[in-house]
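J.: Just to be clear, the model below is a prediction. Sequence and coordinates:
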Amino acid sequence: MIRVSFLSNLINGISLGSVYAIIALGYTMVYGIAKMLNFAHGDVIMIGAYISFCVTQYLGLPAWVSILASMLVCTLLGMTIERLAYKPLRSAPSLAVLITAIGMSYFLQNVAQLIWGANPKSFNSVVAMEPLRLFGGQLIITDEAIVTVLTCVVIMICLTLFTEKTKMGKAMRAVSEDKGAAQLMGINVNMTISVTFAIGSALAAIAGVLLCSTYPALMPTTGSMPGIKAFTAAVFGGIGSIPGAMLGGILLGVIEIFGKSYISTELGDAIVFAILIILLLVKPTGLLGKKVNEKV
Amino acid sequence: MSEKKQTTMVPYPSHAIVPERDVNKKPVLEARHLGVEFGGLKAVDDFNLIIGPTEIAGLIGPNGAGKTTIFNLITKVYQPTMGTILVDGRDTAGMNTIQINKLGIARTFQNIRLFDKLSVEDNVKIGLHNQMKYNAAAGVLRLPGYWKQEKRMHEKALDLLSIFDMQDLANHEAGSLPYGAQRRLEIVRALATNPKLLLLDEPAAGMNPAETAELMENIVKIRDTFQIAIMLIEHDMKLVMGICEGIAVLNYGRIIAKGTPSEIQNNPTVVEAYLGKKKEG
Amino acid sequence: MKKKLNRTFINNAITYAMVIIAFVVLYSMQQAGMLSRTIKGQLIPVCVWIVMAVSLNLTVGISGELSLGHAGFMCVGAFVGAVFSGVFKATMPNETLRLILSMLVGGIAAGITGVIVGVPVLRLRGDYLAIVTLAFGEIIRNVLNCLYISMDGGALFFGFSNPSLPGKLIVNGPQGVQGISRISTFPMGFALIIVTLIVVLNMTNSRAGRAIMALRDNRIAAESVGISATKYKLMAFVTSAALAGMAGALYAMNYSTVTGAKFKFDTSILVLVFVVLGGIGSIRGSIIAATVLTILPELLREFSDYRMLIYAVVLIVVMLATNSPAFKQFLSVVKDKIVGLFAKKNREGDAANE
């Protein structure tokens, strides 16, 4: 019996962790290339979920259309944010960029509140399959969990192939190594950063839809906590590293679910953050990150 | 210039950069088999040197030879992966930048690192930080110790600035100074920490010939007034050959030659690795 | 030197004068009953937010580290101060003394929390430091949300996660501290502002403050002249936390209950908005921004839906205006145009006069 609940927690953890991983990918790619913490990333997730909600609820279109629509909107949104708020600050101190990103996060939340109100909307799951029942029905794996984990794996594989094989992917890696040198080699740095934001935001849309399919209460602040936790996951795995984001996300999801079920529900978030702090102190570069020396 | 009461002279070669040095005086700095690796690449390898008190030594070499890295190793901005550094005969293993400064090594930086938003005087006063003895509470409560020491340090700061005739700039924002003045201010700030050895990283970079000539005089003057040793990295050969009593030439992280300015100028290896290249270009 | 001493001196004198005059005017108006209810209700909160903004400016502006957990320290000060005041209610009938001591104890508790948080956190830099202060702020609030304290006779009982405790509950988990005697006063708020100003301004113009600013401007250079980053970054951080704790205690004792929910991440951001809008590093700016942004929303309640939206836009625009070369150029062009317009008018005016 205990073993079944353990398994069920583990699966929930991996499923939640997969969402964190998809969000963390956005953070990690942007951090790797633009060297900035895009605080508003979590709120792009929320916008993505709202778009999907509107398309299915008000327009009555099928779920897959709503996902495509929300990806499209988020991609445009991400690129616009980058163009308007972050690009002018490319050479500004990181404090200024971070404050701008926080401002952007609050901006998105409040715009969402004006449009959709502060009350939670009940998000209908985009997945409609039969849940998987194992051990004679003792262990139920929800269809959302299956789809979330599979999506995460597919995204991971695609993204790895993209950065390894395609020209744009190579350009991204070059820009993250050395912006100046990449520019001298004829890489369009602005374009590369823009594409990075686009990909990160499209992933955020998917994450938003998956997150709200599992946890259906959709509010303007829905994205902020998962966003911060996903950043934690990205740092956990080693910021800038794509497999690191994946690993960090899943570990964090599992830790959170186990913490909530075995230690304390109220302290779930505190446990996650405490782990982040301990990890950063022990290994500031994260699990798979590499050390960067400051040039003197 | 230097009043070396000569006793016994050690014959060259030793690890001394200045060939004729007084062995009865304890060296200020000694590096033995110093080395560092960055990702498997040896940036500095088997680097040995001895610098005695009141010597002026030069460290030259082509770009990327590892000169600044040596300064960073001495001041523990990077931790060496091999070898030992002795300051005043004390092993510095495990020490950090702050402790090295307290032992008596001060430096300037190739890419100027001033406290841009603070005044020139405050920059110097920050150099005097460890000579001011009042604590934070005395500063907040404005106890008598605060006023007394602030006044003394104000005078001392102006005194130090007057080496370069900069006392009139005391109230200017450091970041707004012209380039040459910024370099000079960095030297003053380093001097303010009361060092035994001053490391100057390309002090004449960006200066015009007149400024460089003045700087040369001032470096010698600093050595004579404060009785300290100076080691400098510099590309301006006129400056290096003009004031250094000994020169070490670095290439690919290793010392390839050492000697007096005239020895270095006539050393075929050096001419090939460094000076020769320059003449062609 | 004379000139410079005078400049800082005059600058600080203006700041003090501004605060003192504002207090004298408001206090006499309050005594004469000339203030509206809304304004009267805002007097103590304004003092609290001024202290919060000035103390955060010590971390963000003077020390150059972005802290996103300032509300966490305020929260500690509020809880500890309110509990202290509740415990000694009977034994210490003098309210002013009890208020001062509660604020001190709240400040010390927040300061100690600052040490616990600061020692590990200040080893990190930049964005990591920001996110970890945020995490700490959330942890503090999370933990206080699960804290239960009760008093039975003279004894205090502590519990965690909904226990049953004997006697009267003082701290009741998510419901926070209850039954606080509202002993905060406007003059005490003013006194706290003055203390904060003395601490922050005097520190800035002393040996410790110079070391803190040196580390902000160039950490490697500061270490090369023998300044300990750990020591001085921590000093700024802990001082800032302690002042926030005192503000928190003052804040708590202005209400009859105080809950952890009041000190969410949003509160940290609100204080950051004060600092940014007032000008990072400008103490006087923080005071003005905190005052205006505390009173204005109360006067313009019909716009309350747009308040946070406007703050968000303000954050972005101020950052772009102060940091983006293109934006700066745009502003200077606009300025030139306006100046040019006036110059032209003047010239025309002069011509007309002749």
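T.: Structure's in. What do you need?
J.: Hmm, C:Ala241 and C:Leu56 touching each other?
T.: No: when contacts are counted by Cβ atoms under 8 Å, C:Leu56 is not listed as touching C:Ala241 (10.0 Å). All C-beta spots, glycine's among them, are computed from the backbone N, C-alpha and C.
J.: More neighbours: which of those two?
T.: C:Ala241 (31 against 28; other Cβ atoms under 10 Å in any protein chain shown).
J.: where's the most centrally placed residue in chain B, which helix or strand?
T.: Centrality entry for chain B: nearest residue to the mean C-alpha point is B:Leu199, 1.0 Å, by Cα atoms, centre = their mean. B:Leu199 belongs to strand B:197-201 when assigned by DSSP states H and E.
J.: what's the answer for C:Ser304, then?
T.: Per DSSP H and E: helix C:304-323 holds C:Ser304.
J.: buried residues in that helix?
T.: Neighbour-count burial for helix C:304-323 flags C:307-316, C:318-320, C:323 (criterion: 16 or more other Cβ atoms under 10 Å in any protein chain shown).
J.: likewise stretch B:222-229?
T.: Applying a neighbour-count criterion of 16+ other Cβ under 10 Å, one finds B:222-223, B:226, B:228-229 buried in stretch B:222-229.
J.: Note down every partner strand of the strand or helix carrying B:Ile85 and its orientation.
T.: Using DSSP H and E, the element containing B:Ile85 is strand B:82-87. Sheet pairing of strand B:82-87 (DSSP bridges) gives strand B:29-38 (antiparallel), strand B:90-91 (antiparallel).
J.: between the ones you listed, which gets nearest to C:Gly111?
T.: For C:Gly111, the closest of the strands paired with strand B:82-87 is strand B:90-91, at 37.0 Å, according to Cβ to Cβ.
J.: got a list of contacts for that closest one?
T.: Outside of strand B:90-91, the residues within contact range by Cβ atoms under 8 Å, 6 or more residues apart in numbering or on different chains are B:84-85, B:103.
J.: quick one: which of those has the most company?
T.: B:Ile85 (23 neighbours).
J.: Just to check, that one is in contact with B:Leu73?
T.: Yes: if you go by Cβ under 8 Å, B:Ile85 and B:Leu73 touch, sitting 7.1 Å apart.
J.: any common contacting residues for those two?
T.: Joint contacts of B:Ile85 and B:Leu73 (Cβ under 8 Å, 6+ apart) are B:31, B:34.
J.: Residue 171: neighbour count?
T.: Let's take chain A. Other residues close to A:Ala171 by other Cβ under 10 Å number 22.
J.: not quite, I wanted chain C
T.: The burial count for C:Val171: 24, using other Cβ under 10 Å.
J.: now do C:Ala261
T.: 14.
J.: again, but for the one 10 residues further on
T.: C:Val271: 28 surrounding residues under other Cβ under 10 Å.
J.: Return the backbone torsion pair for it.
T.: Dihedral pair for C:Val271: phi -60, psi -40, per degrees, to the nearest 10.
J.: wait, doesn't A:Tyr27 sit right on A:Asn38?
T.: Yes: under the criterion of Cβ under 8 Å, A:Tyr27 makes contact with A:Asn38 at 6.6 Å.
J.: Return every residue with contacts to both of those two.
T.: A:Gly200.
J.: Where does the prediction get shaky in chain C?
T.: Where chain C drops to pLDDT under 70, the residues are C:1-6, C:344-354.
J.: Indicate the residue of it located nearest to chain A.
T.: Proximity of chain C to chain A (Cβ to the nearest Cβ) peaks at C:Leu315, 3.1 Å away.
J.: Just give the nearest non-adjacent residue to that residue, would you?
T.: Once flanking residues are discounted, C:Leu315 sits nearest to A:Gly103: 3.1 Å by Cβ to Cβ, 6 or more residues apart in numbering or on different chains.
J.: so when I look at that neighbour, I'm seeing a helix, right?
T.: Yes: assessed with DSSP: H, G, I helix; E, B strand; the rest coil, A:Gly103 lies in a helix.
J.: who touches it in this structure?
T.: Residues near A:Gly103 by Cβ under 8 Å, 6+ apart: A:85, C:311-316, C:319.
J.: how close does it get to A:His41?
T.: Applying Cβ to Cβ, to the nearest Å, the value for A:Gly103 to A:His41 is 14 Å.
J.: now C:Tyr232
T.: 33 Å.
J.: higher neighbour count, these two?
T.: For C:Tyr232 versus A:His41, neighbours defined as other Cβ under 10 Å are more numerous around A:His41 (31 against 25).
J.: got the residue ranges for the strands in chain A?
T.: Along chain A, counting by DSSP state E, strands occupy A:121-122, A:132-134, A:139-141, A:217-218.
J.: Direction included, what does the last one pair against?
T.: Sheet neighbours of strand A:217-218, with direction, are listed as strand A:121-122 (antiparallel) (DSSP bridges).
J.: Distance from the partner strand to the middle of the chain?
T.: 21 Å (Cα atoms, centre = their mean, to the nearest Å).
J.: longest single helix anywhere in chain A?
T.: helix A:2-34 (DSSP state H).
J.: could you say what helices and strands that one packs with?
T.: For helix A:2-34, the packing partners by 3 or more Cβ pairs under 8 Å, 6 or more residues apart in numbering or on different chains; DSSP states H and E come out as helix A:41-57, strand A:139-141, helix A:143-165, helix A:167-177, helix A:189-214, helix A:224-237, helix A:242-258.
J.: buried sites along that helix?
T.: Of the residues in helix A:2-34, those buried (16+ other Cβ under 10 Å) are A:8-9, A:11-34.
J.: ok, now how distant is whatever residue of the stretch 1-150 of chain A ends up closest to chain B from chain C?
T.: Minimum separation of the stretch 1-150 of chain A from chain B (Cβ to the nearest Cβ) falls at A:Pro93, amounting to 11.6 Å. Distance, A:Pro93 to chain C, using Cβ to the nearest Cβ, to the nearest Å: 7 Å.
J.: what's the closest non-adjacent residue to that residue?
T.: C:Asn323 (7.2 Å).
J.: how about the one you found, what does it touch?
T.: Here C:Asn323 is in contact with A:88-89, A:92-93, A:96 (Cβ under 8 Å, 6+ apart).
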